[in-house]
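Trainee: mind folding the following:
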Amino acid sequence: MKKKRPLRLLVVFDTNALYTQVASDLVQPDVSRIILDNSNHPDLQIEWFLPEAVIGERAYQMLSRAKDLLPNMKKMEKLLGHSFGIGEDTLKLHVNNAIEKSTERLNIKVISCNTKNVDWSDIISRSINREPPFEPNEKEKGFRDSVIANSFIQLMNSSPITPTSCLLAFVTNDKALQNYLSELSKSSKNVRILSSLDDLEVLINTLVSTVPEDLVAELTIKAAKLFFDKDNDKCIFTKEKISEQIKSQFSEVFLPIRSESRNRDDKGPWWISGPIFIKKERQRIFWSSVVSRDLEIFHYENEGTPLSATLSPFTVAELLGGKSNDPNSANWKTLDLNSPNFKTKKVVDFKEREKFEVHWNANLSQSQNLTTPKLDKIVHLGTEILEN
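Mentor: Numbers count the residues shown, from 1 in each chain. Prediction:
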């Protein structure tokens, strides 16, 4: 008997799905993880693509970020008395090398846009009338998106059209581009326009399981409320005290920084992403929910005259919790410019987002509801540096 060919899934990423502030990385860590974790499914053959326009846009972003680092490089050269031989003229070469290594390591294919097969009259008309992918403002953003979209459509037109043989997915959070792609591919039954990497993971996990896509979509809505509902104290996040468990299990993440005179403020908000379907085992449905906490890394800068100059020695000692007015006492020795007892201002160096993945499962009842949820484990995914 002839062996059945596995389903092909062709995944194309927009620039916003890849973006990372790290100058050396073409794609963000979550994209690398998804690609590497899903490279060997026996019944699903996944191919990864980047349009040339996306590669060019990321190259520009990476080069800009690299240029921002040059001043610090020059300071380091001056300190060490040694030249690294890196300047603006060589940065482009290093960026291109980094992109080439990333595409090879992740087996990403680059797709071009055949300009002869693009309806330029339609694009010009859309630009004038501010129709998708162009936005209704004076900047007329959308030309690159037009090229990216047409690259995807040309890939679609050269691929099998039967959903049981081949599916195509485009990942972007750009609403105008989503609408444009939906319009261009409206006659195709095998195209999925996804808003996030989470949606991509759900699609992949659904395809390698025995659960229909429409049922997973229905259950995902129910799972979201089961995991977190601000009006329900029996939801998993509240009942299991997820935030407290995270701070207990990963306390080192939230501890004050004791180097470089920096501090960490962990009073930022908690963020909860939508649940990701993982698998179905008998009547148990397994999910993961990403929970994040925003932190500020900051230091104090002396703003002028310290309070100690306007207070008596006895008062200064009191501020530090002591009773002695002896300048040689232990209390006096703890004074430093980073102490909030001085007239200081808080300066935020950068913000970071600590990401945690909560694994849990629930029973699928005969009425297609999720019941008796159970917490499996919590994993620290890592730290994302945010724009200040």
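
Trainee: Val379 is in what secondary structure piece?
Mentor: strand 370-386 (DSSP states H and E).

Trainee: per-residue confidence averaged over that strand?
Mentor: Averaging pLDDT along strand 370-386 gives 92.

Trainee: what does it contact?
Mentor: The contact list for strand 370-386 (C-beta atoms under 8 Å, 6 or more residues apart in numbering) reads 21-22, 29, 219, 222-223, 226-227, 236, 240, 242, 245-246, 249-250, 253, 285-286, 290, 292, 294, 350-365. The C-beta positions use only the backbone N, C-alpha and C, and glycine is treated the same way.

Trainee: what's the offset of it from the middle of its chain?
Mentor: Once both centres are worked out by C-alpha atoms, centre = their mean, to the nearest Å, strand 370-386 turns out to sit 15 Å from its chain's centre.

Trainee: contacts only, for Ile148.
Mentor: When contacts are counted by C-beta under 8 Å, 6+ apart, Ile148 touches 14-15, 51, 53-54, 113, 177.

Trainee: which stretches in the chain count as strands?
Mentor: Taking DSSP state E as the test, the strands found in the chain are 7-13, 44-51, 108-111, 166-171, 191-194, 263-265, 270-272, 276-281, 284-302, 344-364, 370-386.

Trainee: worst average pLDDT in these?
Mentor: strand 263-265 (a mean of 76).

Trainee: low pLDDT regions in the chain?
Mentor: 1-4, 21, 23, 77, 256-262, 303-344, 387-388 (pLDDT under 70).

Trainee: can you give me the domain assignment for it?
Mentor: As recorded under automatic domain parsing, the domains making up the chain are 1-208, 213-304+343-388, 307-335.

Trainee: sorry, back to before: emit the PyMOL select command for whichever of the contacts of strand 370-386 are buried.
Mentor: Buried residues within those, by 16 or more other C-beta atoms under 10 Å, are selected in PyMOL with:
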select buried, resi 219+222+223+226+227+236+240+242+246+250+253+285+286+290+292+294+351+352+354+355+356+357+358+359+360+361+362+364
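
Trainee: the strand holding Val379 pairs with which strands, parallel or anti?
Mentor: Partner strands for strand 370-386, per DSSP bridges, with pairing direction: strand 344-364 (antiparallel).

Trainee: gap between the partner strand and the chain center?
Mentor: Distance, stretch centre to chain centre, for strand 344-364: 12 Å (C-alpha atoms, centre = their mean).

Trainee: alpha carbons only: can I get that strand in PDB?
Mentor: The C-alpha coordinates for strand 344-364 follow below in PDB (Å, rounded to 0.1, in the frame of the first residue of the first chain):
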ATOM      1  CA  THR A 344      17.300  61.700  44.600                       C
ATOM      2  CA  LYS A 345      15.400  61.000  41.400                       C
ATOM      3  CA  LYS A 346      14.500  57.600  40.100                       C
ATOM      4  CA  VAL A 347      16.000  56.900  36.700                       C
ATOM      5  CA  VAL A 348      14.600  53.900  34.800                       C
ATOM      6  CA  ASP A 349      17.500  52.200  32.900                       C
ATOM      7  CA  PHE A 350      15.200  49.800  31.100                       C
ATOM      8  CA  LYS A 351      12.100  47.600  31.400                       C
ATOM      9  CA  GLU A 352      11.900  43.900  31.200                       C
ATOM     10  CA  ARG A 353       9.100  41.400  31.000                       C
ATOM     11  CA  GLU A 354       9.500  38.000  32.800                       C
ATOM     12  CA  LYS A 355       7.500  35.300  31.000                       C
ATOM     13  CA  PHE A 356       6.200  32.200  32.600                       C
ATOM     14  CA  GLU A 357       4.300  29.300  31.000                       C
ATOM     15  CA  VAL A 358       1.600  27.700  33.100                       C
ATOM     16  CA  HIS A 359       0.700  24.100  32.000                       C
ATOM     17  CA  TRP A 360      -2.700  22.800  33.000                       C
ATOM     18  CA  ASN A 361      -5.400  20.400  31.900                       C
ATOM     19  CA  ALA A 362      -9.100  20.000  32.100                       C
ATOM     20  CA  ASN A 363     -11.700  17.300  31.500                       C
ATOM     21  CA  LEU A 364     -13.800  17.500  28.300                       C
END
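
Trainee: what about Ala53, distance to Val95?
Mentor: Distance, Ala53 to Val95, using C-beta to C-beta, to the nearest Å: 16 Å.

Trainee: list the contacts of the closest residue to Lys346 other than its chain neighbours.
Mentor: In this structure, Lys346 finds its nearest non-sequential neighbour in Phe298, 5.4 Å apart by C-beta to C-beta, 6 or more residues apart in numbering. Contacts for Phe298 (C-beta under 8 Å, 6+ apart) come out as 262-265, 346-349.

Trainee: ok so, going back, derive a ChimeraX selection command for the buried subset of the contacts of Ile148.
Mentor: Buried residues within the contacts of Ile148, by 16+ other C-beta under 10 Å, are selected in ChimeraX with:
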select :14,15,51,53,54,113,177
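
Trainee: still on that earlier bit, give the buried residues for the strand holding Val379.
Mentor: So, applying 16+ other C-beta under 10 Å, buried residues of strand 370-386: 370, 373, 378, 384.

Trainee: now the first one: how far from Phe277?
Mentor: For Leu370, the distance to Phe277 under the criterion C-beta to C-beta works out to 11 Å.

Trainee: and what of the third one?
Mentor: Distance from Ile378 to Phe277, counting by C-beta to C-beta: 18 Å.

Trainee: check the second one too.
Mentor: Pro373 sits 14 Å away from Phe277 when distances are taken as C-beta to C-beta.

Trainee: residues contacting Ser159?
Mentor: Ser159 touches 8, 10, 166, 168, counting by C-beta under 8 Å, 6+ apart.

Trainee: fine by me, we can end here.
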